[in-house]
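1. For reference, the sequence and a predicted model appear below.
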Amino acid sequence: MSDCGCEKAKANLYELLRGELCAEESAPIREHLENCPGCRDEETVCIRLTEVVRRACEEERENCAPEDLRDAILRGLRVES
Ligand SMILES: [Zn+2]
């Protein structure tokens with residue numbers, strides 16, 4: 001288990017998914033993922049986590065978007081005048 005590259009693959013998984021590794025670094029890890037179901041599972045979990053976090057960030061931005069706030073204020077002003 002320890003000499004199959006799992007540790008290296010898992011240690012670099014987030015960087016790989018974020019595209020922070022250069023081709024030279026990511027190639028052996030991608031190759032390992034293709035041949036290691038355990039690390040592929042780990043990759044799937046990482047992808048889901050990354051997506052959940054990204055979606056949460058987007059929702060957060062929508063909820064407190066300056067444009068929305070400005071529109072709401074403008075609407076309020078129009079109603080008043
Ligand atoms: Zn592995």
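-> Arrived safely.
2. Spit out the contact partners of the residue nearest the centre of the chain.
-> Centroid-nearest residue in the chain, with C-alpha atoms, centre = their mean: Thr50, separated by 2.9 Å. Listed by C-beta atoms under 8 Å, 6 or more residues apart in numbering, the contact partners of Thr50 are 14, 17-18. From N, CA and C alone the C-beta is placed, and that goes for glycine too.
3. same check, this time on Ile47
-> Leu17.
4. so how far is Arg40 from it?
-> To Arg40, Ile47 is 10 Å away according to C-beta to C-beta, to the nearest Å.
5. for Leu74, same thing?
-> 50 Å.
6. Beyond the longest helix along the chain, next helix or strand please.
-> Longest helix of the chain, by residue count under DSSP state H: helix 37-63. As assigned by DSSP states H and E, the chain's next helix or strand after helix 37-63 is helix 66-80.
7. quick one: buried residues of that next one?
-> By neighbour count with 16 or more other C-beta atoms under 10 Å, helix 66-80 contains no buried residues.
8. what about dumping the CA coordinates of the least confident helix or strand in the chain by mean pLDDT to CSV?
-> The weakest-scoring helix or strand in the chain, judged by mean pLDDT, DSSP states H and E, is helix 66-80 (a mean of 72). Written as CSV, here are the backbone C-alpha positions of helix 66-80 (Å, rounded to 0.1, in the frame of the first residue of the first chain):
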residue,chain,number,x,y,z
PRO,A,66,-23.8,44.8,-4.4
GLU,A,67,-25.9,45.0,-7.6
ASP,A,68,-28.9,43.5,-5.8
LEU,A,69,-28.5,45.9,-2.9
ARG,A,70,-28.2,48.8,-5.3
ASP,A,71,-31.3,47.7,-7.2
ALA,A,72,-33.3,47.3,-4.0
ILE,A,73,-32.2,50.8,-2.9
LEU,A,74,-33.1,52.3,-6.3
ARG,A,75,-36.5,50.5,-6.2
GLY,A,76,-37.1,51.9,-2.8
LEU,A,77,-36.2,55.5,-4.0
ARG,A,78,-38.6,55.2,-7.0
VAL,A,79,-41.4,54.1,-4.8
GLU,A,80,-40.8,57.0,-2.5
